[in-house]
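A.B. asks: could you look at this predicted model? Sequence included:
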Amino acid sequence: DTGVSQDPRHKITKRGQNVTFRCDPISEHNRLYWYRQTLGQGPEFLTYFQNEAQLEKSRLLSDRFSAERPKGSFSTLEIQRTEQGDSAMYLCASSAEGQSYNEQFFGPGTRLTVL
Amino acid sequence: QQQVKQSPQSLIVQKGGISIINCAYENTAFDYFPWYQQFPGKGPALLIAIRPDVSEKKEGRFTISFNKSAKQFSLHIMDSQPGDSATYFCAASRNQGGKLIFGQGTELSVKP
């Protein structure tokens, strides 16, 4: 499968715990995006990497959230001291710089439930 | 100015009918407008997209109509099928890259 992959697919944690999600983009894509989607809503942008550089962060990304893409390949999203309001689907997408359209391809998501 | 407004919130169409979903945007810097289809428990899948230099784009049963002066665009699904039942999201961005701004979604149900 050459699509975007995310791990884990589901995560249940207790309030106050730290969680980390991983995203592997399509291999030739140098841009990687994180979005958050709550039930009945459209995805909301969190942050964006071009290669290893984090180019933009949303105000939604509080100090408890951190994202990395150390070698310009896979990315991790960490949430520290989780809160019940963090329960959502976390989506990763990737795209290739220089293509004619800003086509972003999404992974299956990681569903986080904070108890 | 960053919002994309989508309507209707839900839509019921008979098999073989035409499904129409509308979106409006404010930011004139947007120049890329995709539509995504999402099934429960899955990530959004890119369906079709348009840039504002054309007024219409058709791919199979799916057509985007774009009205630059009104800052509106719509998705038309011809000959709607039960397998089209899903949530559809419009989005907008600047074409050179960067975040997508999504609409609130339309839950489409196609009745057999």
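C.D. replies: Here it is on my side, so go on.

A.B. asks: how many residues are close by the closest residue to chain B within chain A?
C.D. replies: Closest residue of chain A to chain B, C-beta to the nearest C-beta: A:Gly42 (3.2 Å). Bear in mind the C-beta positions are built from the backbone N, C-alpha and C, glycine included. Counted by other C-beta atoms under 10 Å in any protein chain shown, the residues lying close to A:Gly42 total 22.

A.B. asks: what residues are up against the closest residue to it other than its chain neighbours?
C.D. replies: Of all residues not flanking A:Gly42 in the chain, B:Phe102 sits nearest, at 3.2 Å (C-beta to C-beta, 6 or more residues apart in numbering or on different chains). For B:Phe102, the contact set (C-beta atoms under 8 Å, 6 or more residues apart in numbering or on different chains) comprises A:Gly42, A:Pro43, A:Glu44, B:Val4, B:Tyr36, B:Phe89, B:Cys90, B:Ala91.

A.B. asks: and A:Leu61, by the same measure?
C.D. replies: By C-beta under 8 Å, 6+ apart, A:Leu61 lies in contact with A:Leu46, A:Thr47, A:Ala67.

A.B. asks: now render those as a markdown table, adding pLDDT.
C.D. replies: Below are the contacts of A:Leu61 laid out as a markdown table (pLDDT from 0 to 100):
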| residue | pLDDT |
| --- | --- |
| A:Leu46 | 96 |
| A:Thr47 | 96 |
| A:Ala67 | 96 |
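
A.B. asks: what about the chain, any weak spots by pLDDT?
C.D. replies: In the absence of a named chain, chain A is used. Residue ranges of chain A with pLDDT under 70: A:1, A:100.

A.B. asks: ah, no, chain B please
C.D. replies: Along chain B, the parts satisfying pLDDT under 70 run over B:1-2, B:95.

A.B. asks: what residues does it put near chain A?
C.D. replies: B:6, B:32, B:34, B:36, B:41-46, B:49, B:51, B:89, B:91, B:93-105 (C-beta under 8 Å from any C-beta of the partner chain).

A.B. asks: try it again with 6 Å
C.D. replies: Residues of chain B found near chain A (C-beta under 6 Å from any C-beta of the partner chain) are B:32, B:43-44, B:49, B:89, B:93, B:95, B:97, B:99, B:102-105.

A.B. asks: neighbour-wise, which of the residues you listed leads?
C.D. replies: Top of the residues of chain B next to chain A by neighbour number is B:Pro44, holding 30 neighbours under the definition other C-beta under 10 Å.

A.B. asks: out of everything not next to it in sequence, what's closest to that residue?
C.D. replies: Leaving aside its sequence neighbours, B:Pro44 sits nearest to B:Tyr36 (C-beta to C-beta, 6+ apart; 3.7 Å).

A.B. asks: just the ones of the residues of chain B next to chain A in strands?
C.D. replies: Assignment to strands by DSSP state E places the following of these there: B:Ala49, B:Phe89, B:Phe102.

A.B. asks: contacting residues around the second one?
C.D. replies: For B:Phe89, the contacting residues are A:Gly42, B:Tyr36, B:Phe102, B:Gly103, B:Gly105, taking C-beta atoms under 6 Å, 6 or more residues apart in numbering or on different chains as the criterion.
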